[in-house]
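Colleague: need a 3D model of the sequence below.
(one chain, ligands or ions: 2)
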Amino acid sequence: MASLRLRAVTVRYGGLAALDAVDLDVAEHEIVCVLGPSGSGKSTLLRVVAGLTEPDAGRVLLAGRDQRGVPPHRRGVGLMFQDHQLFPTRDVGGNVDFGLRVRGEPREDREARVAELLELVGLPGTRRRPVATLSGGEQQRVALARALAPRPGLLMLDEPLGQLDRSLRERLVVELRRLFRRLGTTVLAVTHDQGEAFALADRVVVMEGGRIVQTGDPAEVWQRPASEFVARFLGFTN
Ligand code: ADP
Ligand code: MG
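Modeller: Ligands and ions are numbered 1, 2, ... in the order given. As a prediction, this is how the structure comes out:
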């Protein structure tokens, strides 16, 4: 069963369609990366799936269930933004623990889960560190651990590595892919960075002006861009 299914999803802001009749499926355990320039509708797409924006038309299904009217915290999705919005006054553990605490999970379970997650993202033993003392890359890992904590059925990443310098980004994206594969996480990521998209994804979806203009595996999109827009966006200039 598809983890996520969008059918003819449209979001309008005044005269502008931020999303224009978008159809998209993400299979269980699949890593899909939406690639498109700034303003193409990527964040709006994630917001609609997360329940932060209601679509003007169309349907959003998660694990086969229509999400109309379902509030964000009941959708079973994790969301991680570029500016990861960690709680600066809490320590690492307090940040990772946050989603589990609001769900009322028992303390011993939470502590074990936090230790497991910090191990997973390569930050063992940092539970008591104030987040402000961590580097940008380390903070991004904490944000990832926080998003993974409630075991979301779908993990969504919005320009997850956008703030980091290129060499760190290239290293982290490989690590992320390995981690998601190992955990079997279903991922919908969005980025304007083609290197990130091609390194992370099983399948790349290209957006332009609120529409999906191409979808395929990374090699296919790279070798056979479906339009002049896609080709130019990928950096082919002739
Ligand atoms: P991306 O993430 O690809 O940069 P967005 O989804 O943020 O694109 O935005 C898509 C389009 O919708 C843009 O033209 C943006 O200006 C517009 N938009 C997004 N959110 C709002 C909003 N809350 N109000 C008005 N326009 C918006
Ligand atoms: Mg965006």
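Colleague: got the confidence number for residue 84?
Modeller: Note on residue 84: pLDDT of 65.
Colleague: next one: residue 22
Modeller: Looking at residue 22, the pLDDT reads 98.
Colleague: which pLDDT does the model give the residue nearest the centre of the chain?
Modeller: In the chain, the C-alpha nearest the mean C-alpha coordinate belongs to residue 157, at 1.7 Å (C-alpha atoms, centre = their mean). pLDDT, residue 157: 95.
Colleague: what about the strand or helix carrying it and ligand 2, touching?
Modeller: Assigned by DSSP states H and E, residue 157 belongs to strand 154-158. No: using C-beta under 5 Å from the ion, strand 154-158 never reaches ligand 2; the gap is at least 6.0 Å. In short, each C-beta sits where N, CA and C put it, glycine included.
Colleague: ok, then the element right after that strand?
Modeller: Downstream of strand 154-158 (by DSSP H and E), the next one is helix 166-183.
Colleague: what does that next one rub up against?
Modeller: Applying C-beta atoms under 8 Å, 6 or more residues apart in numbering, the contact partners of helix 166-183 are 31, 120-122, 136-137, 140, 144, 148, 155, 160-161, 164, 185, 187, 193, 195-196, 199-200.
Colleague: mark which of those residues are buried, thanks.
Modeller: 31, 120-121, 137, 140, 144, 148, 155, 160-161, 164, 185, 187, 193, 196, 199-200 (16 or more other C-beta atoms under 10 Å).
Colleague: residue contacts, residue 236?
Modeller: residue 225.
Colleague: can you confirm it is in a helix?
Modeller: No: counting by DSSP: H, G, I helix; E, B strand; the rest coil, residue 236 falls outside a helix, being coil.
Colleague: okay, it and residue 44: tell me how far apart.
Modeller: 27 Å (C-beta to C-beta, to the nearest Å).
Colleague: contact residues of the chain facing ligand 2?
Modeller: 42-43.
Colleague: now do 8 Å
Modeller: 38, 42-44, 82, 158-159, 190, 192 (C-beta under 8 Å from the ion).
Colleague: rewinding a little: mind checking which of the buried ones among the contacts of helix 166-183 land in helices?
Modeller: Judged by DSSP state H, helices contain the following of the buried ones among the contacts of helix 166-183: 120, 137, 140, 144, 148, 196, 199-200.
Colleague: which of the residues you listed lies closest to ligand 1?
Modeller: Of all those, ligand 1 sits closest to residue 196, with 14.0 Å by C-beta to the nearest ligand atom.
Colleague: pretty sure the closest one contacts residue 33?
Modeller: Yes: under the criterion of C-beta atoms under 8 Å, residue 196 makes contact with residue 33 at 7.5 Å.
Colleague: out of the ones in helices among the buried ones among the contacts of helix 166-183, name the two that are farthest from one another.
Modeller: Pairwise distances across those (C-beta to C-beta) peak at 20.6 Å, for the pair 120 and 196.
Colleague: which element is whichever residue of the chain sits closest to ligand 2 on?
Modeller: Using C-beta to the ion, the single residue of the chain nearest to ligand 2 is residue 43, 3.2 Å away. Assigned by DSSP H and E, residue 43 falls within helix 42-50.
Colleague: show me where this structure has its strands.
Modeller: Per DSSP state E, the chain carries strands over the ranges 2-13, 16-27, 31-35, 57-62, 65-66, 77-80, 154-158, 187-191, 203-208, 211-216.
Colleague: list the contacts of residue 85.
Modeller: residue 143.
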